[in-house]
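[1] Here is a sequence together with a model predicted from it:
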Amino acid sequence: MKIALIAHDKKKADMVAFVKEHVHLFEKHELYATGTTGSILVEHTGLNIHLKKSGPLGGDQEIGAMVANQAIDMIIFFRDPLTAQPHEPDVSALLRLSDHYEIPLATNKSTAALFIAAIEA
């Protein structure tokens with residue numbers, strides 16, 4: 001399964017903790033991430049992750065293009081709903097593409113945990 005991992009700045013520590021908790025599962029899949037999130041995850045987990053650009057520099061759009069080309073199976077995107085993002089249109093486009101192409105997208109830890117449980121079942 002091809003899984004994209006994205007986290008806004010205030011959610012990066014949560015993403016690291018989540019991936020570390022489920023590293024046994026993530027190491028079995030092909031991982032993609034936006035640049036900063038991916039670099040931090042590689043540093044803290046040692047996982048092999050294909051890095052895209054940082055979100056504000058086009059990384060969300062790169063993941064969106066993968067969705068449109070049916071090259072991603074799932075997205076875990078820990079969003080910060082309380083902080084305005086300079087690239088909000090890119091975030092909205094990614095959400096819209098995920099809906100259109102029916103790609104599962106978790107935007108918080110609780111939903112991501114359900115996705116992980118489904119994969120492990």
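    Structure's in. What do you need?
[2] For stretch 12-22, give me every contacting residue.
    Defining contact as CB atoms under 8 Å, 6 or more residues apart in numbering, one finds that stretch 12-22 is touched by 5, 7, 26, 36-37, 40-41, 44-45, 47, 76, 78, 109, 112-113, 116. Quick note: C-beta positions are derived from backbone N, CA and C, even for glycine.
[3] ok, and for that stretch, which residues are buried?
    K12, D14, M15, V16, F18, V19, H22 (16 or more other CB atoms under 10 Å).
[4] What of stretch 107-121?
    Applying a neighbour-count criterion of 16+ other CB under 10 Å, one finds T107, K109, A112, F115, I116, I119 buried in stretch 107-121.
[5] what about the strands in the protein?
    2-7, 30-33, 49-51, 74-78, 105-106 (DSSP state E).
[6] Can you tell me what sits against the shortest one?
    I take that to be strand 105-106. Outside strand 105-106, the residues that touch it by CB under 8 Å, 6+ apart are M74, I75, I76, F77, L95, S98, D99, A112, L114, F115.
[7] What residues does the last one make contact with?
    Yep, that's F115 we're talking about. Residues counted as contacts of F115 (CB under 8 Å, 6+ apart) are M74, I76, P104, A106.
[8] now swap in the third one and tell me
    Under the criterion of CB under 8 Å, 6+ apart, the contact partners of I76 comprise I3, A4, L5, I6, M15, F18, L105, A106, A112, F115.
[9] hang on, the earlier thing: so which of the strands of the chain is nearest P86?
    Taking CB to CB as the criterion, P86 comes closest to strand 2-7 out of the strands of the chain, the separation being 15.1 Å.
[10] Among the contacts of F115, find the one with the greatest number of neighbours, please.
    I76 (27 neighbours; other CB atoms under 10 Å).
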